[in-house]
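A.B. asks: please work out how this folds:
(one chain, ligands or ions: 1)
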Amino acid sequence: MVIEHHPFPVNDKGHLEIGGLDTVKLAEKYGTPLYVYDVSMIRKNARSFVDTFKKLGVRAKVAYASKAFSSIAMLQVAKQEKLCLDVVSEGELYTALKADFPAESIHLHGNNKSQEEISMAIQNGIGCIVVDNFHDIELIETVSKQLGKKDIDVLMRVTPGVESHTHEYIMTGNEDSKFGFDLQNGQAEEAFKLMQHHEAIHFKGLHCHIGSQIFETEGFKIAADMLFKELAKWKDLYDYIPEVLNLGGGFGIRYTKEDNPLPYNVYVEELIEAVKQHVETLNIPMPEIWIEPGRSIVGNTGITLYTIGSMKNIPGIRKYVSVDGGMTDNIRPALYQAKYEAVIANKATKPITDTVSIAGKSCESGDMLIWDLSVPDIDHGDLLAVFSTGAYSYSMASHYNRIPNAAVVFVENGSDKLVVKRETYKDVVKNDLTYE
Ligand code: LLP
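C.D. replies: Numbers count the residues shown, from 1 in each chain. Below is the predicted model:
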């Protein structure tokens, strides 16, 4: 038996399995809350992007957006799969370097890069800096002089005036965003003129990212239209031909049965089709295409296991069932009203008899993981498995209420490996100093 809408089987004891392992045993071995990832699914997701570009014969780079889930083990898997890496802070860059990720395959993002970040990136020879604003250009200039480096590979992030909101997209005349250079008001062109013949900079092309958890290709195509409109102008005026076009990430995944993501090859095929048409019209060579999927690489590969504790029944109103984690290990329901599905992992084949709402343990009414979940008869000590928690859960964890961060376990082909240790209370107070 397989859980409906989710790629995980149930064994003959009626327990949910992941990566060939019984979730009940994993919870016993490592404790809860516990993030568990099926690594073979991470590899499969990565390959479906990489292989589609190969099949289409398009030179491409698939950069895993490590903000979705960064840890040394995860970045080692990304490296094994020959992905490139998108980092957006010194901490993400540091983690990548600790994982021995090849520096030349790392791209640095950020709307407020510090001089230290840019310096660390250039010193370590990272592959590309995605320039987000005029301050970035000045910092690259300063740092390159200090370090005596030239021709630093740079992309320019632009805001194409299209925002994608899952099922619909919005065209905005002037993009009101903290990220990137505006195409409409001429700032992108101004930055381009600054960088095209800059000593410190080798300007490789344009980048845009239109949003996250997107289910249609329309928004990407409109963004490509906008980029090519600008590129046509730059070709005419400045004889410019881009080497690289980076179309960002944002490919949607299934959290609940209402979500119907496209297969990843479809996103890529349709994007490439759109780009090819523009390239033909413009009569330029096909640029290398880069994408930056985060959620779509890891999101559906991870689950979170929780132990059920207290229950509160308000007759005629609601039954609250509390678990030993919540907003500290997954802020998404509280922050974005994100919806998740879950099963009682030790009773996955038992008949559904009740509807309950799953509460976290933090002192915050908004700490609710799932409203109105259908469940069998449940008891204290049962195991709850929440699906599709692989992206933006661990990476957005907090210490609210001084709750230690949960552990992360990787499973693959029937073996399990602890890849992030559970924090201890000692870890929680490790930076505290006394005041006596
Ligand atoms: N590239 C850039 C420049 C980005 O800003 C992002 C995400 C990505 C790639 C990866 O996007 P993805 O493929 O993962 O959708 N915390 C939010 C998501 C924030 C996304 C920020 N940028 C959430 O939990 O839904």
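A.B. asks: residues in contact with stretch 326-334: which ones?
C.D. replies: Outside stretch 326-334, the residues that touch it by C-beta atoms under 8 Å, 6 or more residues apart in numbering are 33, 35, 304, 338-340, 359-362, 364, 366-370, 386, 389, 392-394, 396-401, 403, 405-406. Heads up, the C-betas are built off the backbone N, CA and C, glycines and all.
A.B. asks: residue numbers of the stretch 51-200 of the chain in contact with the ligand?
C.D. replies: Residues of the stretch 51-200 of the chain lying close to the ligand by C-beta under 6 Å from any ligand atom are 65, 68, 86, 109.
A.B. asks: nearest to the ligand among the residues you listed?
C.D. replies: Comparing these against the ligand with C-beta to the nearest ligand atom places Ala65 closest, at 3.5 Å.
A.B. asks: for the closest one, what are phi and psi?
C.D. replies: Per-residue torsions, Ala65: phi -80, psi 100 (degrees, to the nearest 10).
A.B. asks: near the ligand at all, stretch 208-219?
C.D. replies: Yes: Stretch 208-219 reaches the ligand (C-beta under 6 Å from any ligand atom) through 209, 212-213.
A.B. asks: which PyMOL command selects the buried ones in the contacts of stretch 326-334?
C.D. replies: This is the PyMOL syntax for the buried subset of these, where burial follows 16 or more other C-beta atoms under 10 Å:
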select buried, resi 33+35+304+338+339+340+359+360+361+362+367+368+369+370+386+389+392+393+394+396+397+403+405+406
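A.B. asks: sorry, back to before: determine which two of the residues of the stretch 51-200 of the chain next to the ligand are furthest apart.
C.D. replies: Farthest pair in those (C-beta to C-beta) is Ala68 and His109. Separation: 13.0 Å.
A.B. asks: so which residue of the stretch 251-400 of the chain comes closest to the ligand?
C.D. replies: Counting by C-beta to the nearest ligand atom, the stretch 251-400 of the chain gets nearest the ligand through Gly294, at 2.7 Å.
A.B. asks: that residue and Ser70 touch, don't they?
C.D. replies: No: judged on C-beta atoms under 8 Å, Gly294 makes no contact with Ser70 at a distance of 9.7 Å.
A.B. asks: which residue ranges of the stretch 101-250 of the chain form strands?
C.D. replies: 106-108, 128-131, 152-159, 162-165, 168-171, 181-182, 201-207, 244-246 (DSSP state E, counting those that start in this stretch).
A.B. asks: now do the fourth one, average pLDDT.
C.D. replies: It refers to strand 162-165. For strand 162-165, mean pLDDT rounds to 69.
A.B. asks: ok, the fifth one next?
C.D. replies: For strand 168-171, the per-residue pLDDT values average out at 53.
A.B. asks: got it, and stretch 393-401?
C.D. replies: Stretch 393-401 comes out at a mean pLDDT of 98.
A.B. asks: point me to the residue of the stretch 101-250 of the chain nearest the ligand.
C.D. replies: Using C-beta to the nearest ligand atom, the single residue of the stretch 101-250 of the chain nearest to the ligand is Gly249, 2.7 Å away.
A.B. asks: any low-confidence regions in this protein?
C.D. replies: 2, 163-175 (pLDDT under 70).
A.B. asks: hey, what's the angle from the lengthiest helix in it to strand 152-159? Just curious.
C.D. replies: Looking across the chain with DSSP state H, the single longest helix is helix 218-238. Angle of helix 218-238 versus strand 152-159, following axes from the mean of the first three to the mean of the last three C-alpha atoms, to 10 degrees, is 120 degrees.
A.B. asks: mind listing what's buried along helix 218-238?
C.D. replies: 218-224, 226-228, 230-231, 234-235.
A.B. asks: stretch 77-91 too?
C.D. replies: Buried residues in stretch 77-91, counted by 16+ other C-beta under 10 Å: 77-79, 81, 83-90.
A.B. asks: got a list of contacts for that stretch?
C.D. replies: Counting by C-beta under 8 Å, 6+ apart, 39, 42-43, 46-47, 50, 61-67, 70, 75, 93, 95-96, 99-102, 105-110, 114, 116-117, 120, 127, 249, 290, 292, 294, 297, 410 sit against stretch 77-91.
A.B. asks: good, we can wrap up now.
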